[in-house]
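Novice: sequence-free structure coming up:
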């Protein structure tokens, strides 16, 4: 009996045979792994073939005497990395340009024709590189730098009006006429050159009042329209009023 119990415990501890479903899933997993391995091997072969083709094109580019740079067709990221590696091994300089991932391309330069910063900026903007225009822009920058250095050496300009007043009227009086007028200019006594003694009123108050009364009597004597003495109303003094009593008292 004890032997049967031992045998039963051994049989119960053993794994059961796999079901039909488990065998099917394992078969699919093996097939998928085989396909992945096949794709990896195929991709590896494609990379090797692409590298050989790029090595040939780079070798042709190096042997071409009149070709300082070469632009390759747009590539994906893996192909661009392979081309950069091939160019570095060959002793060349390479750059990638293009904003869109589908349109990015690689340009390879020979060492003696390494691109400048301006040339790289032009390619990044999608423009063609023109050496003549670049040389012209360089000369303009040098000229501007020289002018700036000359201005710094001269120092700041003395303060003054932004424009000359003589330039404003030059089209009217001319340059020589203005100089001649400035040489012969004399002060006008009627404007601003009157002595202070002539500007001061030296009359007394009584003299000023008498002059005002005389002017008033002259206006009253003329009358309206200048036809004779004006009529004197009640309470108003006519010409010579108040002189009688003075004569009687005399």
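Specialist: Sure, I can see it. Source: prediction; values computed, not measured. Numbers count the residues shown, from 1 in each chain.
Novice: use CA for all of it now, contacts and neighbours both
Specialist: Will do.
Novice: In this protein, mark out all the strands, start to finish.
Specialist: 69-71, 93-97, 105-109 (DSSP state E).
Novice: Format the ones you listed as TSV; extra columns: distance to residue 51, mean pLDDT and mean neighbour count.
Specialist: TSV is the format used below for these (distance: least, C-alpha to C-alpha, whole Å; pLDDT from 0 to 100; neighbours: other C-alpha atoms under 10 Å):
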stretch	distance to residue 51	mean pLDDT	mean neighbour count
strand 69-71	17	91	16
strand 93-97	15	92	19
strand 105-109	14	93	21
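Novice: how about these in CSV, adding distance to residue 143?
Specialist: Output for the strands of the chain, formatted as CSV (distance: least, C-alpha to C-alpha, whole Å):
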stretch, distance to residue 143
strand 69-71, 31
strand 93-97, 32
strand 105-109, 31
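Novice: Of those, give the one that comes closest to residue 210.
Specialist: For the strands of the chain, proximity to residue 210 was assessed by C-alpha to C-alpha; strand 93-97 is nearest, at 104.9 Å.
Novice: Can you check what angle separates that closest one from strand 105-109?
Specialist: Put simply, strand 93-97 runs at 150 degrees to strand 105-109, going by axes from the mean of the first three to the mean of the last three C-alpha atoms, to 10 degrees.
Novice: Give me the longest helix you can find in this protein.
Specialist: Using DSSP state H, we find that the single longest helix of the chain is helix 20-63.
Novice: tell me the mean pLDDT for that helix?
Specialist: What helix 20-63 shows for mean pLDDT is 87.
Novice: What are the boundaries of the helices in this structure?
Specialist: Using DSSP H, helices in the chain cover 2-13, 20-63, 77-89, 117-124, 131-154, 165-168, 170-173, 175-183, 196-199, 205-222, 244-249.
Novice: Could you list the low-pLDDT ranges of the chain?
Specialist: Within the chain, the segments meeting pLDDT under 70 span 1-21, 157-166, 169, 171-201, 223-250.
Novice: one more time with 90
Specialist: 1-40, 43, 64-67, 98-103, 111-208, 211, 218-250 (pLDDT under 90).
Novice: so who does residue 109 touch?
Specialist: Residue 109 sits next to 68-70, 92-94, 115 when contact means C-alpha atoms under 8 Å, 6 or more residues apart in numbering.
Novice: Closest to residue 212 out of those?
Specialist: Taking C-alpha to C-alpha as the measure, residue 212 lies nearest residue 115 of those, at 99.9 Å.
Novice: residues near the closest one, how many?
Specialist: By other C-alpha atoms under 10 Å, 18 other residues sit near residue 115.
Novice: Quick check: phi and psi at it.
Specialist: phi -70, psi 150 (degrees, to the nearest 10).
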